[in-house]
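> Mind looking at a prediction? Sequence and model below.
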Amino acid sequence: MMERSYDEAELLEKFKDFDENYKVIQNNIAEAAIKSGRSPDDVHLLAATKTVPCELINYATAHGVQFIGENKAQELLSKYDQYQLPKENIHFIGHLQTNKVASIVGKVGMIQSVDSLKLAKEINKRSQALDLTTNILIEVNIGEEASKSGTMANQLEELIGEISQLPCVKIQGLMTIPPITDTPNEARKFFSNICNLSVDIRSKNIDNVNMDILSMGMSADYVEAILEGANMVRIGSLLFGKRIYVN
Ligand SMILES: *Cc1c(COP(=O)(O)O)cnc(C)c1O
């Protein structure tokens, strides 16, 4: 499944839609940040760019979007040379197989979806080979759903303890995708639970670990996520319109 391409008229339409969507989202982010006792600048918007063509991604990053996230290694690589932002601001946010790690280490500023020691060790090994350190988030399966990736909450501390020993990965926080709920309000308890986990872990002052980033909230629930402590929201369809998959 790759991004589709647009003709020129469609692109102009897409740019216009983006401008409107971005303005609304920025206002909502600012409002939720203030409501939760923070400054609007403390909450970062990451544009989830799967299926979005590079012309539109580059329009978004030229007009204020600072972070983008791709969720498939193959799609990231196929678009990589066209992105126009520093690689530190390109994140990997999808499920990552160990055999794809080598292809993306060194190309992204953060891998947000680390959920096993095995995966972390592979990232460490590939980072070491390139003489660099890779920033990661630990993905937590906060709803304990069988179908989802992410580590379970009761294994989180042990996993972080083990990963913190690896010299070439650096844990910068947590990421989650909560269960689908009927209303965004019902997601708040999951967001609140992971925020508490993050506070707990921070209080332990583990070497080589910080909890600076709490990445949660998507198109349907980013406001609720911010109200519960998110400082990075990952938004796709609300920014760019409904995803159209072609293959
Ligand atoms: C696609 C995606 C998002 C954004 O989803 P929307 O509902 O379109 O905002 C966020 N996080 C991850 C990991 C994704 O793959």
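Nice, thanks for sending it over.
> Which residue, neighbours along the chain excluded, lies closest to S36?
What sits nearest to S36 in space, not counting adjacent residues and going by C-beta to C-beta, 6 or more residues apart in numbering, is L227, at 5.2 Å. C-beta coordinates here come from the backbone N, C-alpha and C atoms, glycine included.
> Could you check the pLDDT of the one you found?
L227 is assigned 98 on the pLDDT scale.
> And for S5?
Predicted confidence (pLDDT) for S5: 76.
> Return the set of buried residues in stretch 158-172.
Of all the residues in stretch 158-172, those buried under the rule 16 or more other C-beta atoms under 10 Å are L159, I160, I163, S164, L166, C168, V169, K170, I171, Q172.
> Farthest pair within these?
L159 and C168 (17.0 Å; C-beta to C-beta).
> could you point out which element follows the longest helix seen in the chain?
Counting residues, the longest helix found in the chain (DSSP state H) is helix 8-35. Following helix 8-35 in sequence order, the next helix or strand is strand 44-48 (DSSP states H and E).
> Run through who's touching that next one.
25-26, 29, 57, 60-61, 65-69, 71, 91, 93, 215, 218, 231-236, 239-240 (C-beta atoms under 8 Å, 6 or more residues apart in numbering).
> got the contact list for S36?
S36 sits in contact with I226, L227, E228, G229, where contact means C-beta under 8 Å, 6+ apart.
> ok, the second one to V199 distance?
It refers to L227. Using C-beta to C-beta, to the nearest Å, we find L227 at a distance of 16 Å from V199.
> and what of Q84?
Distance, Q84 to V199, using C-beta to C-beta: 37 Å.
> What helix or strand is A146 located in?
Counting by DSSP H and E, A146 is part of no helix or strand.
> and V101, how far is that from the ligand?
17 Å (C-beta to the nearest ligand atom, to the nearest Å).
> Confirm that that residue sits in a helix.
Yes - assessed by DSSP: H, G, I helix; E, B strand; the rest coil, V101 belongs to a helix.
> Please shift the residue numbers so they start at 47 in all later answers.
OK, 47 is where the count begins now, so the last one is V147.
> Assess the claim that it and L165 are in contact.
Yes - assessed by C-beta atoms under 8 Å, V147 is found in contact with L165 at 7.2 Å.
> Return every residue with contacts to both of the two.
Common contact partners of V147 and L165 (C-beta under 8 Å, 6+ apart): none.
> rewinding a little: which of the contacts of S82 ranks first by neighbour count?
I272 (29 neighbours; other C-beta atoms under 10 Å).
> if I look at it, how far off is the ligand?
Relative to the ligand, I272 is positioned 14 Å away (C-beta to the nearest ligand atom).
> now do D177
29 Å.
> Ok, H137 next?
Relative to the ligand, and taking C-beta to the nearest ligand atom, H137 is found at 10 Å.
> With A106 instead?
13 Å.
> What are the phi and psi values at that residue?
Main-chain dihedrals, A106, degrees, to the nearest 10: phi -60, psi -40.
> That one contacts Y68, correct?
Yes - counting by C-beta under 8 Å, A106 touches Y68, with 7.3 Å between them.
> The two: who's more crowded?
More crowded of A106 and Y68, by other C-beta under 10 Å: A106, with 25 against 20.
> Done for today, thanks.
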